[in-house]
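K.L.:
Sharing a model that was predicted from the sequence below.
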Amino acid sequence: MPPGQQTFTKEGLIGKLAEIEAMGFIPNARHGNHGGVGNTLEDLLGIEENNLPIPNAAEWELKTHRKGSASLVTLFHSEPSPRAVRFVPRVLLPLYGWPHQQAGAKYPATERSFRQTISGAGPSDRGFKVVVDRDARKVLISFDPLSVDSRHHLWLAQVKERAGLAELDPQPYWGFDDLAHDAGSKLHNSFFVEAEVKRETGRELYHYSRATMLSAFSLDRLLAGIESGVVYVDFDARSGHNHGTKFRVRSDALPMLYEQNKRLF
């Protein structure tokens, strides 16, 4: 534990969150920072990271979200297997990528992009989807050229030339056991705090007006969320940088991924 690091009991943290809720709207402590909602709450709690320092208790994660925002909540980062293949930089970007919108301007003319936010509910407009194979105990990425929207016909012709139009081979995947480890070690228990946001004199202010305690993350619920389309696999890469592959969830569905949830206020 770093010197001066604030620690809490679970009950103490619940009390501190209630105190912060009673403070009403609080100015963004990190003006200009996109992560102001989370960073400001961390400052108010006196913590440096979102792994809550609660001694003698299972690991707890702090998740924050802007009330009313449609943005997804990031659950965890995990690159697909087999990881030796390095699917994103060596397969998806060079064979299935498309010109980056700032290629030739901010980035080199050859810069490619591969950004897909996909689930098991249906294919994206570029034909990618997530498949939960319970027999093989894998979550796989699948490509179906017949599902590609007609406005991407030029890109599809390039994919045909570079890689062919068959299914991905090998298919990127995550084993159930790997997912259970990645998700369970980070998200076993979480506090989910939502903030109302308003602007005054050009500055954002936050009211942390809703908090839910989530216990016992469930892999089965994660898999069901992928199949129903509330949990997504998010690829976000360009030639010069892979921002990392993430599992993300709709904010209203986050509590559904846990066996127990308790609204604090």
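P.N.:
All right, it came through fine.
K.L.:
My read is that residue 189 contacts residue 63, right?
P.N.:
No: the criterion here is CB atoms under 8 Å, and residue 189 misses it with residue 63 at 10.9 Å. C-beta coordinates here come from the backbone N, C-alpha and C atoms, glycine included.
K.L.:
where does residue 169 land on pLDDT?
P.N.:
Note on residue 169: pLDDT of 95.
K.L.:
SS state for it?
P.N.:
Of the three states, residue 169 takes coil under DSSP: H, G, I helix; E, B strand; the rest coil.
K.L.:
ok, now which ones touch residue 198?
P.N.:
By CB atoms under 8 Å, 6 or more residues apart in numbering, the contact set of residue 198 is 25, 204-205, 207.
K.L.:
that's a helix at it, yeah?
P.N.:
No: going by three-state DSSP, the assignment for residue 198 is strand, not a helix.
K.L.:
Bridged to it, which residues?
P.N.:
Residue 198 has the following beta-bridge partners by DSSP bridges: residue 205.
K.L.:
Could you check how far it is from residue 135?
P.N.:
Taking CB to CB, to the nearest Å as the measure, residue 198 falls 50 Å from residue 135.
K.L.:
quick revisit: list buried residues within the contacts of residue 198.
P.N.:
Buried members of the contacts of residue 198, scored by 16 or more other CB atoms under 10 Å, are 204-205, 207.
K.L.:
What is the nearest of the residues you listed to residue 213?
P.N.:
residue 207 (19.2 Å; CB to CB).
K.L.:
In TSV: the buried ones among the contacts of residue 198, plus pLDDT and distance to residue 130.
P.N.:
Output for the buried ones among the contacts of residue 198, formatted as TSV (pLDDT from 0 to 100; distance: CB to CB, whole Å):
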residue	pLDDT	distance to residue 130
204	92	34
205	95	38
207	98	36
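K.L.:
so the closest residue to residue 203 other than its chain neighbours bridges to which residues?
P.N.:
Residue nearest to residue 203 in three dimensions, not counting chain neighbours: residue 27, with 5.9 Å by CB to CB, 6 or more residues apart in numbering. For residue 27, the beta-bridge assignment (DSSP bridges) gives partners residue 205.
K.L.:
so who does residue 27 touch?
P.N.:
Applying CB under 8 Å, 6+ apart, the residues near residue 27 are 40, 203-205.
K.L.:
can you map out the strands along the stretch 151-265 of the chain?
P.N.:
Per DSSP state E, counting those that start in this stretch, the stretch 151-265 of the chain carries strands over the ranges 173-175, 189-200, 203-217, 231-238, 241-242, 246-249, 258-263.
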